[in-house]
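1. turn this into a structure:
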Amino acid sequence: MSDNSNTYLAVFLGSRTSPAWKEWEALPEADRNARGRQGMEAWQGWVETHKDAIVALGGPLGKTKRVDKAGINDIANEMGAFTVVRAASHEDAAKMFEGHPHFAIFPGERVEIMPVLPIPGG
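-> Alright, predicted model coming up:
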């Protein structure tokens with residue numbers, strides 16, 4: 001079993017129907033590509049700044065399939081990417097994502113950070 005103390009899951013969220021996404025899509029292709037390069041450079045800078053706290057870099061998420069009692073279905077949700085970090089507190093973990101390129105440059109809307117809890121009885 002792994003030790004999950006001080007471990008936090010960060011989920012990058014945004015909707016393709018949001019005003020920010022529509023604005024992004026309306027940009028001329030050259031402008032969108034330039035902002036994309038700027039965003040990736042900023043994201044790499046964020047990774048470099050927080051490399052000692054990153055447990056799993058994670059990455060972008062693809063299409064979603066939901067499995068439930070009704071079977072398997074393709075669905076859409078707002079999850080776009082994830083990463084896992086360690087921090088002294090939930091608040092410290094959240095502060096790592098202030099001004100993140102996901103929403104400061106890219107059309108993402110927010111990053112939600114939650115503690116990874118121990119498995120009950122584990």
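
2. strands of the chain, start to end?
-> Ranges of strands within the chain are 7-13, 54-60, 64-68, 71-75, 79-86, 110-115, based on DSSP state E.

3. any chance of the ones you listed in JSON lines, plus mean neighbour count, distance to W21 and mean pLDDT?
-> The C-beta positions use only the backbone N, C-alpha and C, and glycine is treated the same way. As requested, the strands of the chain are exported to JSON lines (neighbours: other C-beta atoms under 10 Å; distance: least, C-beta to C-beta, whole Å; pLDDT from 0 to 100):
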{"stretch": "strand 7-13", "mean neighbour count": "19", "distance to W21": "12", "mean pLDDT": "98"}
{"stretch": "strand 54-60", "mean neighbour count": "13", "distance to W21": "15", "mean pLDDT": "96"}
{"stretch": "strand 64-68", "mean neighbour count": "9", "distance to W21": "17", "mean pLDDT": "97"}
{"stretch": "strand 71-75", "mean neighbour count": "8", "distance to W21": "18", "mean pLDDT": "97"}
{"stretch": "strand 79-86", "mean neighbour count": "19", "distance to W21": "10", "mean pLDDT": "97"}
{"stretch": "strand 110-115", "mean neighbour count": "16", "distance to W21": "13", "mean pLDDT": "98"}
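
4. take the ones you listed and lay them out in TSV including distance to K22.
-> Listed next are the strands of the chain as TSV, based on distance: least, C-beta to C-beta, whole Å:
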stretch	distance to K22
strand 7-13	16
strand 54-60	20
strand 64-68	21
strand 71-75	21
strand 79-86	16
strand 110-115	17
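
5. of those strands, which is nearest F97?
-> Across the strands of the chain, the minimum distance to F97, taken as C-beta to C-beta, is reached by strand 110-115, at 4.4 Å.

6. what strands flank the closest one, and is each parallel or antiparallel?
-> strand 7-13 (antiparallel) (DSSP bridges).

7. ok, and what's touching the longest helix anywhere in the chain?
-> Determined from DSSP state H, the single longest helix within the chain is helix 29-49. With C-beta atoms under 8 Å, 6 or more residues apart in numbering as the test, helix 29-49 has contacts from W24, E25, L27, I54, L57, H100, P101, H102, A104, I105, F106.
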